[in-house]
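Chemist: Sharing a sequence plus its predicted fold:
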Amino acid sequence: MKTPASLLTLIEEGVIDEVLRPLKSGKEAAVYVVRAGDQVRCAKVYKDMAQRSFQKRVQYQEGRKSRGSREARAVATGSRYGRRQQEAEWKNAEVDALYQLRGAGVRVPEPHGFFHGVLVMELVTDAEGFSAPRLGEVELTAGQARGFHRVLVREVVRMLCCGLIHGDLSAYNVLVGPDGPVIIDFPQVVNAAGNNAARTMLLRDVNNLTASLGRWAPELLDTWYGEEMWALFEAGELQPDTELTGQFVFDERAVDLDSVREAINDARELALIRQQGREAQDED
């Protein structure tokens, strides 16, 4: 295993003592299991992204506040400095979100600091102490699926009450710990009040979870939690302990209800197709 230079820097500075093994690697970051004293944690090493990737991030970053007026102008002009600032803001968004959500009682890993582009945080484990599996990798009973869905809908509500939307939530951004699901991966977190696509992203997040867990408990596919919570949020009536029903009455005079249902069902089917594709890759 080749240890990234940023982790060697953390060892030299005494932030961590040892890199134990790689955990996972994706397009934007690689995660390693590390030891800090007598604690085993994980370290998320962000990868530098090419300029072409920023176009895909625009819809997520809308509504985020830049650190200062100079940075905001640089980002707007697309200068080299602006791109570096945009990259830094992308990384800092996850760190800031974790601290905010953890403080609000949302089930996310506990952050332990951000050093030289590396996020050190809690390693979520299963009951035996091994790295926790992703929700999309486990088989569930109908009862377990309903229970996980109930917990995750509650966590999405708590996030929304903090003014945040995950933006890329699925069964592959949820770990299954001994006490239930834990939500991970927040660099694309969305400002619920300042992003024009916030509603669309919230509905996509909830529909992704519903589609995945609906495999085990099909009755979940007939619920409308995303629409219900967004309507309450817009009206200023959503609270962390608001009891949701999963029922939602569409105003058929204002919307084409058939088109809405078709779009949502398409999103759920797409989530299932993606999940099946990932399962096939894992088997290979």
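Modeler: Yep, it's here.

Chemist: got a list of what P178 touches?
Modeler: By C-beta atoms under 8 Å, 6 or more residues apart in numbering, the contact list for P178 reads 125-127. Bear in mind the C-beta positions are built from the backbone N, C-alpha and C, glycine included.

Chemist: what do you get if the cut-off is 7 Å, keeping everything else the same?
Modeler: Neighbour list for P178: 126-127 [criterion: C-beta atoms under 7 Å, 6 or more residues apart in numbering].

Chemist: what's the spacing between it and R154?
Modeler: P178 sits 18 Å away from R154, going by C-beta to C-beta, to the nearest Å.

Chemist: And for Q144?
Modeler: Distance, Q144 to R154, by C-beta to C-beta: 16 Å.

Chemist: E28 now?
Modeler: As judged by C-beta to C-beta, E28 and R154 stand 28 Å apart.

Chemist: cool, S25 as well?
Modeler: Using C-beta to C-beta, S25 is found at 31 Å from R154.

Chemist: Settle it for me: which of the two has more neighbours?
Modeler: R154 (18 against 12; other C-beta atoms under 10 Å).

Chemist: My assumption is that that one lies in a helix; please confirm.
Modeler: Yes - assignment of R154 by DSSP: H, G, I helix; E, B strand; the rest coil places it within a helix.

Chemist: Check the gap between it and W224 for me.
Modeler: 16 Å.

Chemist: next one: H166
Modeler: Going from H166 to W224 by C-beta to C-beta gives 19 Å.

Chemist: Of the two, give the one with the bigger neighbour count.
Modeler: Between H166 and W224, counted using other C-beta under 10 Å, the more crowded position is H166 (29 against 23).

Chemist: What score does the more buried one have for pLDDT?
Modeler: Note for H166: predicted pLDDT of 97.

Chemist: I'd like to know how many residues surround G103.
Modeler: G103 has 9 nearby residues by other C-beta under 10 Å.

Chemist: Please report the distance of it from Q144.
Modeler: G103 sits 29 Å away from Q144, going by C-beta to C-beta.

Chemist: What of Q100?
Modeler: From Q100 to Q144 the distance is 29 Å (C-beta to C-beta).

Chemist: again, but for L203
Modeler: 24 Å.

Chemist: neighbour-wise, which of these two wins?
Modeler: Set L203 next to Q144 and count neighbours by other C-beta under 10 Å: L203 wins out with 21 against 16.

Chemist: Please, which helix or strand holds that one?
Modeler: In this assignment (DSSP states H and E), L203 forms part of helix 198-213.

Chemist: Can you name every helix or strand that that helix contacts?
Modeler: Contacting helix 198-213 under the criterion 3 or more C-beta pairs under 7 Å, 6 or more residues apart in numbering; DSSP states H and E are the following elements: helix 142-161, strand 164-165, helix 225-234, helix 257-283.
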